[in-house]
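Participant: Quick one: sequence and predicted model below, then my questions.
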Amino acid sequence: MPTDLNQRQAFEFLKAHFRSQDVFTKEDLRRETGWSRSSVETYWTKHFRPFLAATPPIRGRRASQQQSYRVSDSFRVCGTWEKFRQHVTQVRRISSDYTRATYQNLLIYEFYLPLTNETALRTALDSLFT
């Protein structure tokens, strides 16, 4: 049995509910994944909360007071298994597409351009850099 089976089941559950926009409860997710209640709570607070939007409680359920949720549009960020797995994994890898650049001297200009004198100010600014 793969170690990420429960996570994969959670991904498939959330993906299906994202597509259908059906509402569900934490208990529904727990039953689908086989996680304990504490595991659901942990994943919920650490990883799933940004993807979920609360909805009115589901009618017709025994525990009618149970909060229901819908998968929000922000789930698109983790719409593939690979991205979702990176999001929920306990091991965080630091990866960056950025290259650090350093400069000995740096000059920054900040201009606030009032619209009433826009033409005159643009001409003056253009003359500074030509």
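Facilitator: On my side now, so go ahead.
Participant: Which residues does stretch 30-44 contact?
Facilitator: Stretch 30-44 is contacted by residues 6, 9-10, 13, 26, 29, 88 when judged by Cβ atoms under 8 Å, 6 or more residues apart in numbering. Every residue, glycine included, has its C-beta placed from N, CA and C.
Participant: In the residues you listed, which residue is surrounded by the most others?
Facilitator: residue 10 (24 neighbours; other Cβ atoms under 10 Å).
Participant: Next one: it from residue 112, what distance?
Facilitator: 48 Å (Cβ to Cβ, to the nearest Å).
Participant: re the thing from before, in CSV: the contacts of stretch 30-44, plus distance to residue 76 and pLDDT.
Facilitator: Output for the contacts of stretch 30-44, formatted as CSV (distance: Cβ to Cβ, whole Å; pLDDT from 0 to 100):
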residue, distance to residue 76, pLDDT
6, 22, 90
9, 20, 94
10, 17, 93
13, 16, 95
26, 22, 93
29, 19, 94
88, 16, 84
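Participant: Flag every buried residue along the lowest-mean-pLDDT helix or strand in the chain.
Facilitator: Here the helix or strand of the chain ranked lowest by mean pLDDT, DSSP states H and E is helix 118-128, holding a mean of 79. Within helix 118-128, no residue is scored as buried using 16 or more other Cβ atoms under 10 Å.
Participant: again, but for stretch 83-90
Facilitator: Those buried within stretch 83-90 under the rule 16+ other Cβ under 10 Å are 84, 87-88.
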